[in-house]
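In: Give me a model of this one.
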Amino acid sequence: MTLSHDVAGSGPAVLLLHSTVCDRRMWEPNVPALVEAGYQVVRCDLRGFGETPVPDRPYNNAADVVALLDTLGIERAALVGASGGGRVALEIAARRPERVTALALLCTALAGHEPGAELRAFGEREDTLIETGDIAGATDLNVDAWLGPEADGAVREQVRRMQRNAFDVQLAATEEFGQIRVETDLASIAAPALLVSGDHDFADFHDIAVHLTGVLADARHLALPWAGHLPSLERPDEVNSLLVGFLREAHAAA
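Out: As a prediction, the model looks like this:
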């Protein structure tokens, strides 16, 4: 199965990997700026999100994404990952470092991270709402948790639609198949990396960015004082400038 996706522009490839609160629609404010800057931009929906159906067998997100790149004839790409999409980007970069030219990770998750008390409490509250059938309440909980003060009403509604769609698609599945977990060595990642965190996000994601800055061979961390967990939606113009500047620097160095 090929992940649902779209492609715009021409030039060096940039692959956008969405947060698991969202789907590929989260990148709508960012695609035009990247295309204008001279990049071929690919965005996809992971399994069970957006227009990609839930898995019908055990699967691996990183393998799915690499298969998509193969289908599109893209040998190398810069990866931009938000939250859970960042975790997928890290696995790709560790398993297939020759395929990755740069990593921009926005409030990235990390495989094996042990959540702090606040993040655990959020997860427990979400589970309770879902178990009692209050999907609207679980959706609102996610919107409130993951967006910072810069997000306006339109952005909040956009995230609400994406999160509700993910709940509806995934909860309707008659069978649940888990991911195939693959052990990776993050120290094998050679691509330059930009790690972004938001001061209004859960502390876990700041801590992950700091940790990765010490693990990856070529990484720097930027903490955004205004941002929540989804800065590319909260201040897209600012994040667009940040991404274009980083990608140009990374490609020039390469």
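In: going forward, measure contacts and count neighbours with C-alpha atoms only.
Out: OK.
In: Strands of the stretch 151-254 of the chain, start to end?
Out: Assigned strands in the stretch 151-254 of the chain, in chain order: 193-198, 219-224 (criterion: DSSP state E, counting those that start in this stretch).
In: For residue 24, give me its contacts.
Out: By C-alpha atoms under 8 Å, 6 or more residues apart in numbering, the residues touching residue 24 are 5, 16, 17, 18, 43, 44, 45, 50.
In: which of these sit farthest apart?
Out: 16 and 50 (13.9 Å; C-alpha to C-alpha).
In: The helix or strand of the chain with the lowest mean pLDDT relative to strand 193-198, how many degrees between them?
Out: Counting by mean pLDDT, DSSP states H and E, the chain has its least confident helix or strand at helix 236-253, which shows a mean of 94. Put simply, helix 236-253 runs at 160 degrees to strand 193-198, going by axes from the mean of the first three to the mean of the last three C-alpha atoms, to 10 degrees.
In: what does helix 236-253 rub up against?
Out: Helix 236-253 is contacted from outside by 29-30, 33-34, 37, 78, 101-102, 104, 192, 194, 231-232, using C-alpha under 8 Å, 6+ apart.
In: quick check, nearest of the contacts of residue 24 to residue 115?
Out: Comparing those against residue 115 with C-alpha to C-alpha places residue 18 closest, at 20.3 Å.
In: before we move on, the earlier item: quick check: which of the strands of the stretch 151-254 of the chain is buried the most?
Out: Highest mean neighbour count of the strands of the stretch 151-254 of the chain: strand 193-198, a mean of 25 (counted as mean count of other C-alpha atoms under 10 Å).
In: List the neighbouring strands of that one plus their orientation.
Out: strand 100-106 (parallel), strand 219-224 (parallel) (DSSP bridges).
In: so where's the stretch 101-250 of the chain shaky on pLDDT?
Out: Scanning the stretch 101-250 of the chain for pLDDT under 70 picks out nothing.
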